[in-house]
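Got a sequence here, can you build the structure:
(chains A and B)
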Amino acid sequence: MAKPIRIKDHLNEAGIVQRRIILATVVIVLLSGVLLARMFWLQVVQYEHHATLSENNRVHVQPIPPARGRIYDRNGVVLAENRPSFSLNITRERVPDLETTVALLQSLLELDDEDINQLHRRLGQRRRPFEAVPVMFNLTEDQIARIAVNQFRLPGIEVQASFVRHYPRAEHFAHAVGYVGRINEREMETIDRVAYAGTHYIGKTGVERFYEHLLHGKVGYEEVETNARGRVLRVLKRTEPESGRDLTLHLDSRLQAVAEEALGNRRGAVVAIEPKTGGVLAYVSQPSFNPNLFVTGISHADYGELRDSIDQPLFNRVVRGLYPPGSTIKQIVALAGLDYGVTTRTARVYDPGFYQLPNNSHKYRNWNRYGDGWVDMELAMARSNDTYFYDLAHKLGIDRMHEFMTKFGLGTRVSLDIFEESAGLMPSREWKRASRRQPWYPGETLITGIGQGYMLSTPLQLAHSTALIANRGVWKRPRLLADADGQGPDESDTPENVVLRNPSDWDFIIRTMEMVMHGERGTARSAAAGAPYRMAGKTGTAQVVAIAQGARYDSAALRERHRDHALFVGFAPVDDPQIAVAVMVENGESGGRVAAPVGRMLFDAWLLPEPEPEPEPESIEEEVTP
Amino acid sequence: MKPLSGVSAPSPGLRREPLWMRIHVDPWLLLLILILAGAAGFVLYSASSKSLSMLYRQSAHYAIGLAVMLFIAQVKPRFMERWVPVAYVGSSLLLLAVLVVGTEAKGAQRWLSIPGVITFQPSEIMKLVMPMSVAWYLGRREMPPRFKHVAVCLTIIMVPVVLILKQPDLGTTLLIAASGIFGLLLAGLRWRYILGALVMLVPGAVAMWFFVMHAYQKQRVLTLLNPESDPLGAGWNIIQSKAAIGSGGVYGKGWLQGTQSHLDFLPEGHTDFIIAVLAEEFGLVGVSLLMLVYLLIIARGLYITHHAQEAFSKLLAGSVTLTFFVYVFVNIGMVSGLLPVVGVPLPLISYGGTSLITLLAGFGILMSVHTHRKWMIHG
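Predicted coordinates:
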């Protein structure tokens, strides 16, 4: 059948369009009526309201900064909190003559030029119109009173109570917890300005930085009506801010104190990890600094002193300190030898006090230059015999050592949530070719086998590799955060567990580490003496690579700083590991005599029943009573 | 019968065409546009904190726009109709090019730049091509359109709409989609389709929300539902513009006397939010007068639509006119807190060259439609 022919009916079509035009006209008139009604509502019905708000720009939206989450140790001891503090705020638009006002402030509060410079710097930072900028903090009662009395001469100036971060434990947790500081221009570019409206602080390092997103909270705001001088007359509407989350860390203040005490006045680092959870129990980097100095802005003098100190108190030795691990990685090299089958548990090597590569006259010396005679793996571990490990490293070769030791986290970032962790360096042929454009030499394999040469690791990596052995290969990445309102750290990319071909090698290697502590010839036997539990460990010393350039030291101090670093890693108790530690004492010389006793003190503090809560008054009593 | 091509010379025996017809200008539209241009000058001067250079630049934009308008008015609707398919395909390809090699600014990729030659927004060309395309397609088919034709028409609309939405540019997308849909509605789209579409809108909107819209667009929609929910960010504009409008009262604070707008309280006071400045300084009276001029322009546009002689011209003139109203309604609606902030300027008043030239080109189309009619007297 043919299609019906359709003929355009122009008259009908004109009619269709015309009806639609009429309809459109009706809709347009109605919608225009809506717009005019809206305008009538705003301009006539609500006129008084808007006129009042508009006069002198009286309606303001003021952000209410959220309270930053607090940080606790595992027992609920406060590590970071917020303290009320009075600050002096300036609203630039309400100050008719800034020069006069600042001059008046200077004379009223007896400020020096440095204070005034700081004030101008703070005033110069970016802000939204009519936003009050805090320019002085921690006002004293006296200063507040003087401002109040002279308020009429100081338009645009107000004293505001706000919360300022405070670290009650001061320098004891400075490196682990970090600190907050004023938001700088560079951070301004990256943060969400709305979320940080009214907030003047942001985490700079440590937990404060890593968990900034949890600690910060959600900004609130209020619409307020102010008078022409900026004084709030009436709050029109208020939405409460949401506080940041409180964080509970794995850290234990008591253990931390024990570790600091054990280090004494020495420079160094102590890390303690709970192997089962990966939780960091102690995190000491000594010397430390007072983080409270940084919160409202550190003075040039204070900062210069910290920065230029030869002891480098700002340097986070736990995760940024790169040291040759020395003999503290020998147990891993030994495991590699067993797992690759290049040696056996009982194979012996003769140590005349040095090792020589075939066809090479260079002597690689044992630390005991007289030699230990015939040594097997257990004795080599207990005595930390270098000759045995030169031989083992030579048999393994750098490729297998690199592969195996990387599985233990050496040369990688091991932590889950520690800010600015360094990866250290686990050298390989490829690394050397890429970074130095040189082939790998056999002698470098030997010294890598005793943790010297190019190899660098952080105290955290050493503690973690030790915890990994205590866990028999099960990875638990070290972490500081235990709980943030039911949320733990993200564990999504945990490396693969280390699986040995013969799992009983774990038990064997742990026994050799036990011999280091409890064996007759163990390098740390004096540190383990008299313990009611068994421990496993390994001592080490590491040669000092270089000293900071350009610093002026007297020669005695310089000599002291050329001494070897003392190292110790270990865990206890052997049959049910509760704690793994790494101790690094800069220029401590002897791992067995200096570092191992620090480890022992941590073990005791963690494993033995807690002494009575207040030991000091008790000891006084003992002296008094017969 | 005289051939339809060539300049429409007066036929012998018929009354001589008036001057306006011969130079293809509609005096009423021109007058109303010039009134708005004058008003725009005053408001802009105040909104830009007495910036003469901004005034000069906008005057230049107006001069270019009026020239474009007069030029387009000379083009016969028949000629436009012939080139519509080419224009449609061409500008769609340009929109595609924007997504591939376009220039990015403020998180959106809207500009196409031939270095050293020209930088332009292909979406603006589409604002003119879209109503023409729908009018071209429907003009040669029976009315009301059958289902198949509606489907084709929606495809014609959807291709550029999706491309512009991806840039992303919500305001322009809205205007272009509206201009196409108006063509369909004017062609007598059956009520059952209209109601069906309204019912479909709900799942459609849900899909848009989850798959198409950008985070900042969602934020705008959320702010619409409760503008004061985000007073530090998105709601700030609305709170401030409402205060500006409301404080104007019936008679306004007087020219250059607005306070909200002069202290940087009102962001974009000279572009999208300029009605707030006008409302603050000239009050309800000023706003009503502005609305009156707008409605007169729309009335003239609908009159021209009614008198257009061919389906293409009728549909084209109608959708251009109705789209103009969308500008007015969406802009004033959003500044006064009735609608989401989608970035639609106040037509012929807001500062900015691109949209002004496009709008004036649209009036050129209306003038062309009206002045190229065969002069005939019924009866």
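
Please name the nearest non-neighbouring residue to the spatially most central residue of chain A.
By CA atoms, centre = their mean, the mean C-alpha position of chain A lies nearest to residue A:206, the distance being 2.6 Å. Closest residue in space to residue A:206, ignoring its immediate chain neighbours: residue A:178 at 2.1 Å, by CB to CB, 6 or more residues apart in numbering or on different chains. The way it works is simple: take the backbone N, C-alpha and C, and place the C-beta from them, glycine included.

Do a quick rundown of the helices in chain B.
B:19-22, B:27-47, B:52-74, B:77-101, B:122-139, B:147-165, B:170-186, B:191-207, B:215-225, B:235-248, B:274-307, B:311-335, B:353-371 (DSSP state H).

could you give me the average pLDDT of the helix or strand where residue A:209 lies?
According to DSSP states H and E, residue A:209 maps onto helix A:206-210. For helix A:206-210, mean pLDDT is 92.

can you pull the buried residues of that helix?
Neighbour counts over helix A:206-210 (16 or more other CB atoms under 10 Å in any protein chain shown) mark A:206-210 as buried.

okay, that helix in CSV with CA atoms only?
Output in CSV follows, covering the C-alpha atoms of helix A:206-210 (Å, rounded to 0.1, in the frame of the first residue of the first chain):
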residue,chain,number,x,y,z
GLY,A,206,54.3,14.1,62.8
VAL,A,207,50.8,12.8,63.8
GLU,A,208,49.5,16.4,63.6
ARG,A,209,50.4,16.5,60.0
PHE,A,210,49.6,13.0,58.9
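
Which element is encountered next along the chain beyond it?
helix A:212-216.

helices or strands up against that next one?
Using 3 or more CB pairs under 8 Å, 6 or more residues apart in numbering or on different chains; DSSP states H and E, the elements in contact with helix A:212-216 are strand A:201-203.

Please work out the average pLDDT along the strand it packs on.
Rounded mean pLDDT across strand A:201-203 is 90.

Residue ranges in the stretch 1-150 of chain B under the pLDDT threshold?
Residues of the stretch 1-150 of chain B meeting the criterion pLDDT under 70: B:1-16, B:105-108, B:116-117.

what residues are up against residue A:332?
A:404-405, A:408, A:410, A:465, A:469 (CB atoms under 8 Å, 6 or more residues apart in numbering or on different chains).

Show the pLDDT at it.
93.

Render the CA-only coordinates of the helix or strand encompassing it in PDB, please.
Assessed by DSSP H and E, residue A:332 sits inside helix A:330-340. The C-alpha trace of helix A:330-340 is given here as PDB (Å, rounded to 0.1, in the frame of the first residue of the first chain):
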ATOM      1  CA  LYS A 330      73.300 -10.100  60.200                       C
ATOM      2  CA  GLN A 331      70.300 -12.300  61.200                       C
ATOM      3  CA  ILE A 332      68.600 -11.400  57.900                       C
ATOM      4  CA  VAL A 333      71.700 -12.200  55.900                       C
ATOM      5  CA  ALA A 334      71.900 -15.500  57.800                       C
ATOM      6  CA  LEU A 335      68.300 -16.300  57.000                       C
ATOM      7  CA  ALA A 336      68.900 -15.500  53.300                       C
ATOM      8  CA  GLY A 337      71.900 -17.900  53.400                       C
ATOM      9  CA  LEU A 338      69.700 -20.700  54.800                       C
ATOM     10  CA  ASP A 339      66.700 -19.900  52.500                       C
ATOM     11  CA  TYR A 340      68.700 -19.800  49.300                       C
END
